[in-house]
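K.L.:
Next come a sequence and a model predicted from it.
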Amino acid sequence: MNPYSQSEAAAVAAVYDDIWLVAGARTPFADYGSVLRDASPTDLGIFAARALFEKSGIPAGEMNAIIAGNMAQASFDAYYLPRHIGLYSGVNPHVPALLVQRLCGTGFETIIAAADQITLGKAKVVLCVGTESMSRNPVASYTHRSGFRMGQVDFRDFLWEATKDTAPGIGMGDTAENLAKRYGISREEVDQFAAHSFARAIASWDAGYFNDEVVPVVNSQWELDGYKPRSLKLAGKGVESFGRDEHVRTTSLALLQKLKPAFGGVQTGGNSSAIVDGAAAVIVAHGDYVRAHGLKPLARVVAGAAVAVPPEIMGIGPAPAIRAVLAKAGLSLPDVGRFEINEAFGAQYLACERELGLQRDRANVHGGAIAIGHPLGASGVRLTTTVARQLHEADQQFGISSACCGGGQGVAILVERA
């Protein structure tokens, strides 16, 4: 019996016709508090968008919609993030911009929203950007607008507090521990999987796989006639360029096994997703535009789905989301050659793997978020770009990108090799 059949039945899902993921690019991801610590998510998003236009050769002026995704308001002008990304990346200033949010599924939602807009005839070519600065999450107060009472000053670490779901009253790590107990997942298995994720990411970087996806970040300034300039400056004395995912490093099983549990069970800081900063961008377009301009897209966007699951086991979300998107498209799991499932936590990924009966050699073959990192609003764009590129590399027809979302959701996108 499928324990998530109700989640799948209630899925918000759609199949798309003649919609294409044309091109993608991202920044390398930097460790929390490191070289990108001073860059706002807006500026990271501008850099990724401009890099995408330069890399793809598609003019920014061709875009007729902008959809951005971002979780934490990490700058004082955060309200303007999608609009400023469009303005400073060279998109026609008359093109409107939209911000979407589905927690850890936010990046996926930019692509799904773009496909929806194209389907409705609202746009032909859409710039999608996911961006996140975990380092600039604020220390915040929500209760002192009218002043302070003696001894009741309440400033908190927004990033830490955001990892706690106040409905079940537990943290995100605790939801992974719940899945470890439910699926009988041991600390040894989680550490082994984490070591595997690091090894795959290192091998892929060393083999040059990410060279066609990652654009090195350099100190930049962007002028805009009639408006104030914006800039991105790397942190650190004399740092002029940043080109490789910083958390990807040699990490042995023996080292991982020495780490203390973070939530009283199988999860540690080493076998959970890395906290990183970064941005990713893609162009989604209707087939008429692709053919008219002689483009060679990465993949066709076949379908997308979002589901809800109990908050206390939020990490299982990819399993019903993947089943839902396959059902919507009339396919089954064996039809899919490659998967990219966000590694929020090692036990969380392993629970999804077990629930689906998924073979390890078909998923996250170039490493996952344990090694590469999980900048919340950007991950879905990265994962979808990565799986689309893999279809060509591995000579596979279909691929799926997916993630769990805090609060108890899952999201999945099905793509077909172009």
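P.N.:
It's in.

K.L.:
would you list every one of the helices in the stretch 1-150 of the chain?
P.N.:
Ranges of helices within the stretch 1-150 of the chain are 5-9, 41-56, 81-88, 106-119, based on DSSP state H, counting those that start in this stretch.

K.L.:
Could you provide those helices in TSV, with additional columns for distance to T175, mean pLDDT and mean neighbour count?
P.N.:
To be clear about C-beta, it is placed using only N, CA and C from the backbone, and glycine gets the same treatment. TSV is the format used below for those (distance: least, Cβ to Cβ, whole Å; pLDDT from 0 to 100; neighbours: other Cβ atoms under 10 Å):
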stretch	distance to T175	mean pLDDT	mean neighbour count
helix 5-9	15	96	16
helix 41-56	25	98	25
helix 81-88	28	98	24
helix 106-119	18	98	26
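
K.L.:
Turn those into a markdown table, including distance to R136.
P.N.:
Listed next are those as a markdown table, based on distance: least, Cβ to Cβ, whole Å:
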| stretch | distance to R136 |
| --- | --- |
| helix 5-9 | 34 |
| helix 41-56 | 7 |
| helix 81-88 | 12 |
| helix 106-119 | 17 |
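
K.L.:
Mind pulling the model confidence for F242?
P.N.:
pLDDT recorded at F242 is 98.

K.L.:
go on, the one 5 residues further on?
P.N.:
We have a pLDDT of 98 for H247.

K.L.:
now do the one 3 residues further on
P.N.:
Per-residue confidence at T250 stands at 97 (pLDDT).

K.L.:
helix/strand/coil for it?
P.N.:
Look at T250: counting by DSSP: H, G, I helix; E, B strand; the rest coil, its state is coil.

K.L.:
How about it, nearest residue that isn't a chain neighbour?
P.N.:
Leaving aside its chain neighbours, T250 sits nearest to I202 (6.6 Å; criterion: Cβ to Cβ, 6 or more residues apart in numbering).

K.L.:
Same check on G86?
P.N.:
Counting by Cβ to Cβ, 6+ apart, the nearest residue to G86 once its immediate chain neighbours are dropped is I66, at 4.2 Å.

K.L.:
I'd say that neighbour and L127 touch.
P.N.:
Yes. If you go by Cβ atoms under 8 Å, I66 and L127 touch, sitting 5.0 Å apart.

K.L.:
Neighbour count for the two, which is higher?
P.N.:
L127 (31 against 27; other Cβ atoms under 10 Å).

K.L.:
Show me what that one is bridged to.
P.N.:
In this entry, L127 is beta-bridged to I66, I283, by DSSP bridges.

K.L.:
where's the residue lying closest to Y16 once chain neighbours are set aside relative to V284, distance?
P.N.:
Using Cβ to Cβ, 6+ apart and skipping the chain neighbours, the partner closest in space to Y16 is A115 (4.8 Å). Noted for A115: a distance of 6 Å to V284, by Cβ to Cβ, to the nearest Å.

K.L.:
Quickly list what's touching both of those two.
P.N.:
Here A115 and V284 have 19, 301 as joint contacts, going by Cβ atoms under 8 Å, 6 or more residues apart in numbering.

K.L.:
Pretty sure the residue nearest to T250 sits against H247.
P.N.:
No. Look at I202 against H247 with Cβ under 8 Å: they stay out of range, at 10.9 Å.

K.L.:
In the protein, where's the longest helix?
P.N.:
Longest helix in the chain by number of residues (criterion: DSSP state H): helix 187-206.

K.L.:
how far is it from where the chain is centred?
P.N.:
Centroid separation between helix 187-206 and its chain, computed with Cα atoms, centre = their mean, to the nearest Å, is 19 Å.

K.L.:
got it, and stretch 73-85?
P.N.:
Taking mean C-alpha positions (Cα atoms, centre = their mean), stretch 73-85 and its chain are 18 Å apart.

K.L.:
Equivalent analysis for stretch 93-104, please.
P.N.:
15 Å.

K.L.:
Show me the contact partners of that stretch.
P.N.:
Contacts for stretch 93-104 (Cβ under 8 Å, 6+ apart): 63-71, 81-83, 85-87, 106, 108-110, 113, 306, 342, 344, 374, 376-377, 379-380, 403-407, 409, 411.

K.L.:
Can you name the residues that contact Y349?
P.N.:
Applying Cβ under 8 Å, 6+ apart, we find Y349 in contact with 193, 315, 341-343, 364, 368.

K.L.:
oh, I was asking about R50
P.N.:
R50 makes contact with 60, 89-90, 222, according to Cβ under 8 Å, 6+ apart.

K.L.:
hmm, back to that, filter the contacts of Y349 down to the ones in strands?
P.N.:
I341 (DSSP state E).

K.L.:
Dump the contacts of Y349 into TSV; add distance to G33 and neighbour count as well.
P.N.:
Formatted as TSV, these follow (distance: Cβ to Cβ, whole Å; neighbours: other Cβ atoms under 10 Å):
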residue	distance to G33	neighbour count
F193	26	23
G315	26	32
I341	27	29
N342	22	33
E343	21	30
N364	26	28
G368	22	29
